[in-house]
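Chemist: Build me a model:
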Amino acid sequence: MKDETTLSVAVMSGKGGVGKSNIALNLGYALSQAGYPLLLMDCDLGLANLDVLLGIAPEGNLQQVIMDERAASDIIYPISEKGRGYFDILPAASGVPELAEMDADMRDLLLRRLEPELRKYSAVLLDLGAGINGTVRSFAAMAAVRLLVMTPEPTSLTDSYSLVKVLNAQLGIRDFLVVVNDVESKEEETAIFERLSLACGRFLGFTPVLLGSVRHDPAMSRAVCRQQPLLKVEPEAPAAKDILRLSGELLKIRGVMAGRLKGNPVLRNLARAEN
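Modeler: Here you go, the predicted model:
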């Protein structure tokens with residue numbers, strides 16, 4: 001079934017190790033459990049890891065859609081059974097350095113091959129690689145919404161600001177949602193977000209929007225070891241409840257953006273615009 005209001009969300013981070021992929025995975029699971037068909041794309045074309053987080057061994061990957069002309073429908077891997085809401089992933093492969101940077105022609109090819117499949121979902125989450133390489137910038141710009149995951153660590157703050165700065169300078173992007181992961185308190189969430197917001201306001205002329213935070217929770221590590229989404233194995237854990245709230249906020253955003261999403265590509269093709 002074709003969805004005319006598919007919301008695309010690029011989940012990104014300035015540095016590795018902040019829990020970005022876990023946030024993306026659990027947001028996807030939460031949205032699917034709420035009754036929304038959900039596709040999670042592993043867009044880390046050099047160091048993919050969603051398959052590891054889920055304990056699966058897909059036969060195909062995103063690179064094959066680009067390089068080998070495999071149909072996207074053949075690559076998509078179901079995580080849950082089809083129903084009113086379901087959860088699929090589009091895996092990538094690790095150790096393919098030639099695809100770590102996508103040029104304009106490659107982006108054009110990828111989007112043409114993906115678009116019909118993406119329309120089958122209410123939302124598409126893109127789990128980007130960490131940092132600011134060309135592929136990260138491309139996928140971040142393609143999505144309708146950018147969700148920046150950071151932690152209270154000083155290095156995460158500086159790298160998050162750098163990512164926002166580069167995307168603004170090179171692609172004119174000014175809209176960012178922020179999730180502060182692994183916080184000990186509401187005060188810690190507020191303090192680190194305000195530092196990012198002040199820096200962006202002072203030096204870039206705009207401020208990001210705080211979507212919320214996820215508490216530090218040992219249950220997250222346990223879920224990783226079990227290779228299952230936290231919301232599936234420990235739905236009452238504090239971090240699981242936080243992510244469930246974040247998924248509700250994303251649904252509100254989808255509703256607000258419905259008019260803008262309708263009739264437009266799920267992922268925007270910037271190949272010609274940048275040339």
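Chemist: Poorly predicted segments of the stretch 101-250 of the chain, please.
Modeler: For the stretch 101-250 of the chain, the stretches flagged by pLDDT under 70 are 101.
Chemist: can you give me the helices in this structure?
Modeler: 20-33, 50-54, 62-67, 72-75, 104-118, 134-142, 154-171, 186-203, 218-226, 230-233, 238-256, 258-261 (DSSP state H).
Chemist: which stretch among those comes nearest Tyr86?
Modeler: helix 20-33 (5.8 Å; C-beta to C-beta). For the C-beta atoms, the positions are set from N, CA and C on the backbone; glycine is no exception.
Chemist: That closest one relative to helix 238-256, how many degrees between them?
Modeler: If you take axes from the mean of the first three to the mean of the last three C-alpha atoms, to 10 degrees, helix 20-33 sits at 60 degrees to helix 238-256.
Chemist: Just the residues contacting helix 20-33, thanks.
Modeler: Here helix 20-33 makes contact (C-beta atoms under 8 Å, 6 or more residues apart in numbering) with 11-13, 38-40, 49-50, 53-54, 79-80, 85-87, 89, 122-123, 125, 127-128, 130, 149, 179, 181, 214, 220, 223-224, 229-232, 240, 243-244, 246-247, 250-251.
Chemist: gap between it and the chain center?
Modeler: 9 Å (C-alpha atoms, centre = their mean, to the nearest Å).
Chemist: pLDDT averaged over that helix - what is it?
Modeler: Mean pLDDT, computed over helix 20-33, is 97.
Chemist: That one versus helix 218-226: what angle between them?
Modeler: Angle, helix 20-33 to helix 218-226, by the same axes, to 10 degrees: 90 degrees.
Chemist: In contact with Ser73, which residues?
Modeler: Glu117.
Chemist: Would you mind saying which of the helices of the chain lies nearest Ser94?
Modeler: That would be helix 50-54 among these, by C-beta to C-beta, at 8.8 Å.
Chemist: Quick check: which helices or strands does the closest one pack against?
Modeler: In terms of contacts (3 or more C-beta pairs under 8 Å, 6 or more residues apart in numbering; DSSP states H and E), helix 50-54 is packed against helix 20-33, strand 38-43, strand 87-90.
Chemist: Out of the ones you listed, which is the most enclosed?
Modeler: strand 38-43 (a mean of 28; mean count of other C-beta atoms under 10 Å).
Chemist: Could you spell out the sheet neighbours of it, each with its direction?
Modeler: Strand 38-43 has the following strand partners under DSSP bridges: strand 87-90 (parallel), strand 123-128 (parallel).
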